[in-house]
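S.K.: Pasting a predicted model and its sequence here:
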Amino acid sequence: MHAIVINAQGGPEVLEYAEHPDPAPGPGEVLIDVAASGVNFIDVYHRTGTYPLSLPSPIGSEGAGTVAAVGEGVSGVSVGDSVAWVNVLGSYAEKVVVPADRVVPVPAGVSSEQAAASLLQGMTAHFLTHSVHEVKQGEVMLVHAGAGGMGQMLIQLGKLKGARVLTTVSSDAKEKLAREAGADEVFRYDDFPASVRKVVPGGVDVVYDGVGAATFDGGLASLRARGLMVLYGAASGPVPPLDPQVLNRSGSLYLTRPSLVHFVAERDELLWRAADLFGWLASGELKITISERYPLADAARAHEDLQGRRTTGKLLLVP
């Protein structure tokens, strides 16, 4: 089979497309023929060393496909099942072995590409709006990068929960996408706290920030007293160390830095989030934008486009 591996951490050029032995499932595992792999910023963090890996290493953490074989002791998953997974290193490949308790069923009405494009970001948006902070009817939330895959997911889930959703984007084209996702107000990044305060003088209830260094301080300035800053990524770079007194002076604010892995650790929780997500996709209540599909061999180009913010919506690698 072909797969992408890295032998060093660095730029997109370290992503190497090569032949590797076909994997085989061990006890408690399933072998999957990959239909599509999602491209995410966590893959960039793995590639660059922001999240260090033992080298050489496979890469990629999300995908969907068809079960080709099952290992000893596996129950509840059968050959031919359509499944998806997240947080499994090595998903940039034609075949991948996944622990059976980490795969989720993909129902009729949801394609493998939709599943691969939505699972990581969709379940992240789910735990951010249902668990880290349970968004309530009438609340006001600020979502950064509203035209991106995560931004569009958060906007849509916020609207499903009855919130008023504000967002930031960098261009008119991206504003159009954010509004199509349901955003009530769309701002440019320049002096966005002032724009937020014009429409919500008291400040927003919660900020969802996957951008990081470039937006963090402005996000704090946009919150109401006792509001919550949810920092879930660092696309523009890591946030510098923070004096906790800043939270005090800004109105007794709350700050959290959550990760999906801790919100799907139990299988029941994993299945709940995936079932909600795929149910919304199947019913049309949630829409996923796949902006680009790349051959597996073009993983480096996909990373360049993702980091360069030349795309909107989700990027897929298709073996």
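M.R.: Cool, got the structure.

S.K.: quick one: residue 67 and residue 80 touch, right?
M.R.: Yes - proximity of residue 67 to residue 80 meets the contact threshold set by C-beta atoms under 8 Å, at 6.3 Å. In this view, the C-beta of every residue, glycine as well, is placed from N, C-alpha and C.

S.K.: who's more crowded, these two?
M.R.: residue 67 (21 against 7; other C-beta atoms under 10 Å).

S.K.: Contact partners for the residue lying closest to the more buried one once chain neighbours are set aside?
M.R.: The spatial neighbour of residue 67 that comes closest, neighbours along the chain excluded (C-beta to C-beta, 6 or more residues apart in numbering), is residue 81 at 4.5 Å. Listed by C-beta atoms under 8 Å, 6 or more residues apart in numbering, the contact set of residue 81 reads 66-67, 105.

S.K.: Pick the one among the residues you listed closest to residue 14.
M.R.: Residue 14 lies nearest to residue 66 out of those, by C-beta to C-beta, at 29.9 Å.

S.K.: and the contacts of residue 81, which of them are in strands?
M.R.: With strands taken from DSSP state E, the overlap with those comprises 66-67, 105.

S.K.: would CSV of these with distance to residue 161 be doable?
M.R.: Below are these laid out as CSV (distance: C-beta to C-beta, whole Å):
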residue, distance to residue 161
66, 34
67, 34
105, 25
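
S.K.: how about the residues you listed in CSV, adding distance to residue 187 and pLDDT?
M.R.: What follows is those, written out as CSV (distance: C-beta to C-beta, whole Å; pLDDT from 0 to 100):
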residue, distance to residue 187, pLDDT
66, 43, 98
67, 45, 98
105, 39, 98
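
S.K.: Contacts for stretch 256-267 next, please.
M.R.: 86-87, 101, 120, 123-124, 127-128, 131-132, 228-232, 269-270, 273.

S.K.: Show me which of those residues are buried.
M.R.: Neighbour-count burial (16 or more other C-beta atoms under 10 Å) applied to the contacts of stretch 256-267 gives 86-87, 120, 123-124, 127-128, 132, 228-232, 270, 273.

S.K.: from those, which two are the most distant?
M.R.: Greatest spacing in these, by C-beta to C-beta: 229 and 270 (26.2 Å).

S.K.: so residue 128 touches residue 232, yeah?
M.R.: Yes - between residue 128 and residue 232 there is a contact at 6.4 Å, judged by C-beta under 8 Å.

S.K.: Need the residues touching each of the two.
M.R.: 208, 258.

S.K.: Could you verify that residue 229 is part of a strand?
M.R.: Yes - counting by DSSP: H, G, I helix; E, B strand; the rest coil, residue 229 is found in a strand.

S.K.: residues in contact with the spatially closest residue to it that is not a sequence neighbour?
M.R.: Leaving aside its sequence neighbours, residue 229 sits nearest to residue 255 (C-beta to C-beta, 6+ apart; 4.7 Å). Shown in contact with residue 255 (C-beta under 8 Å, 6+ apart): 228-229, 231, 242, 247.

S.K.: Could you point out which of those is nearest to residue 301?
M.R.: residue 231 (28.9 Å).

S.K.: Relative to residue 267, how far out is the closest one?
M.R.: 27 Å (C-beta to C-beta, to the nearest Å).

S.K.: what domains does the record give for the protein?
M.R.: 2-119+289-318, 136-257 (automatic domain parsing).

S.K.: Identify all contacting residues around the strand or helix carrying residue 248.
M.R.: According to DSSP states H and E, residue 248 maps onto helix 245-249. Residues from elsewhere that reach helix 245-249, judged by C-beta under 8 Å, 6+ apart: 220, 253-255.

S.K.: So which of those residues sit within strands?
M.R.: 254-255.

S.K.: Rebuild the contacts of helix 245-249 as TSV, extending it with distance to residue 300 and pLDDT.
M.R.: Shown next, in TSV, are these (distance: C-beta to C-beta, whole Å; pLDDT from 0 to 100):
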residue	distance to residue 300	pLDDT
220	36	98
253	40	98
254	39	98
255	35	98
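
S.K.: Would you mind listing which of the contacts of helix 245-249 are buried?
M.R.: Buried among these (16+ other C-beta under 10 Å): 220, 253, 255.

S.K.: Including distance to residue 45, could these go into JSON lines?
M.R.: What follows is these, written out as JSON lines (distance: C-beta to C-beta, whole Å):
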{"residue": "220", "distance to residue 45": "23"}
{"residue": "253", "distance to residue 45": "26"}
{"residue": "255", "distance to residue 45": "20"}
